[in-house]
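S.K.: Next one to model:
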Amino acid sequence: MRITVIIPTYARSQDLARCCLALQAQDRLADEVLVVVRDVDTETWQFLQTFDTDAIHLRSVTVRVPGQVAALNAGLEAAQGDIIAITDDDAVPHPDWLARIEAHFVNQDSVGGVGGKDWLYEGDRLVDGKLEVVGKVQWFGRVIFSQHLGYGAFRSVDVLKGANMSFRTSAIAGLRFDTRLRGTGAQVANDAQFCLMLKRRGWVLIYDPAVAVDHYPGQRFDVDQRLSFNAVAQADMVHNRTLMILEHLPPLRRCVFMLWAILVGTRGSPGIVQWLRFLPSEGSLATQKILASLKGRWQGWQTWQRTKTATFL
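M.R.: Residues are numbered from 1 along each chain as shown. Next comes the predicted model:
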């Protein structure tokens with residue numbers, strides 16, 4: 001099987017260089033590596049002029065629209081492999097990454113997607129911990145992500161993580177990342193939304209902790225700065241996750257999800273109960289979070305209502 005690796009990137013040439021060197025050290029080399037670059041990204045274009053592109057069969061793909069969704073879709077349009085593996089420019093695939101991915105697709109015809117663990121670093125510190133259940137959508141719509149904490153044997157999941165996911169090309173024929181998702185850069189949940197569309201086609205998604213990358217989250221160039229609160233980024237994130245779940249659940253469970261989201265929610269996307277829980281310790285920040293989250297819920301509902309007859313499969 002031919003393997004294409006897609007790397008969307010923007011102005012992080014040092015991160016990209018580290019990622020490309022890791023692909024050069026793979027036990028099973030990619031048949032092609034597509035680096036998707038913004039037309040205005042001078043830093044990355046200069047780096048590519050100095051890098052030995054032949055060593056990893058690298059070619060560049062130009063995208064003129066900002067945001068990760070546009071970059072990923074441009075990569076999908078250009079990809080020629082039977083397997084499409086996707087990673088971030090700030091990730092470092094382990095040497096057996098592609099070999100393990102290929103083995104899952106070869107051994108199981110029902111598998112449409114394969115992902116794994118991203119060993120997540122905050123600076124020089126590895127984020128430690130273990131969770132058995134990762135990448136699952138609970139019956140009422142809460143999503144358990146935490147792929148960086150997964151361990152044990154490989155198993156079926158609902159969603160994979162963008163820094164470490166791959167797909168059988170025949171399984172995703174006609175599928176594209178959702179352009180309705182909000183955000184000027186990362187467009188949070190584009191990976192999970194894509195995976196759930198594939199699940200609805202009947203394909204199996206596999207999470208294997210041994211399919212691993214090291215992940216050193218790099219600088220973002222939009223309002224979403226990961227560790228600092230921004231009301232616009234918060235509303236965009238909640239909008240995207242709300243839209244994703246409303247499309248995935250059947251009618252009754254959609255209602256349960258919206259009630260849970262508004263009344264309870266999570267620490268990251270609080271409803272009333274979580275707001276009251278963190279109000280004593282976070283003060284006005286807790287209030288800002290719930291207001292932005294409720295705005296995102298409403299906007300997600302509106303987007304779903306306006307576009308629910310559209311076909312994204």
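
S.K.: how about the strands in the protein?
M.R.: For the chain, applying DSSP state E gives strands covering 3-9, 32-38, 58-63, 83-86, 91-93, 111-122, 125-126, 136-137, 143-144, 155-157, 165-168, 204-215.

S.K.: Please determine how far L294 is located from W260.
M.R.: Separation of L294 from W260 (C-beta to C-beta, to the nearest Å) stands at 13 Å. Backbone N, C-alpha and C define where each C-beta goes, glycine included.

S.K.: nearest to S228, of the strands of the chain?
M.R.: S228 lies closest to strand 111-122 among the strands of the chain, at 13.8 Å (C-beta to C-beta).

S.K.: For the closest one, give the mean pLDDT please.
M.R.: The average of the pLDDT scores along strand 111-122 is 97.

S.K.: Tell me which of the strands of the chain sits nearest to S269.
M.R.: Nearest of those to S269, taken as C-beta to C-beta: strand 143-144 at 10.1 Å.

S.K.: more crowded one of L294 and W260?
M.R.: L294 (20 against 17; other C-beta atoms under 10 Å).

S.K.: so what pLDDT did that one get?
M.R.: pLDDT, L294: 98.

S.K.: Can you name the residues that contact it?
M.R.: I262 (C-beta atoms under 8 Å, 6 or more residues apart in numbering).

S.K.: Could you list everything the closest residue to A74 other than its chain neighbours pairs with in the sheet?
M.R.: Nearest non-adjacent residue to A74, counting by C-beta to C-beta, 6 or more residues apart in numbering: V63, 4.4 Å away. Under DSSP bridges, the beta-bridge partners of V63 are R38.

S.K.: Run through the residues that contact V256.
M.R.: Contacts of V256 (C-beta under 8 Å, 6+ apart): 140-141.

S.K.: neighbours of the nearest residue to W119 once chain neighbours are set aside, just the number please.
M.R.: Nearest residue to W119 in three dimensions, chain neighbours excluded: D214, at 4.8 Å (C-beta to C-beta, 6+ apart). D214 has 19 neighbours, counted by other C-beta under 10 Å.
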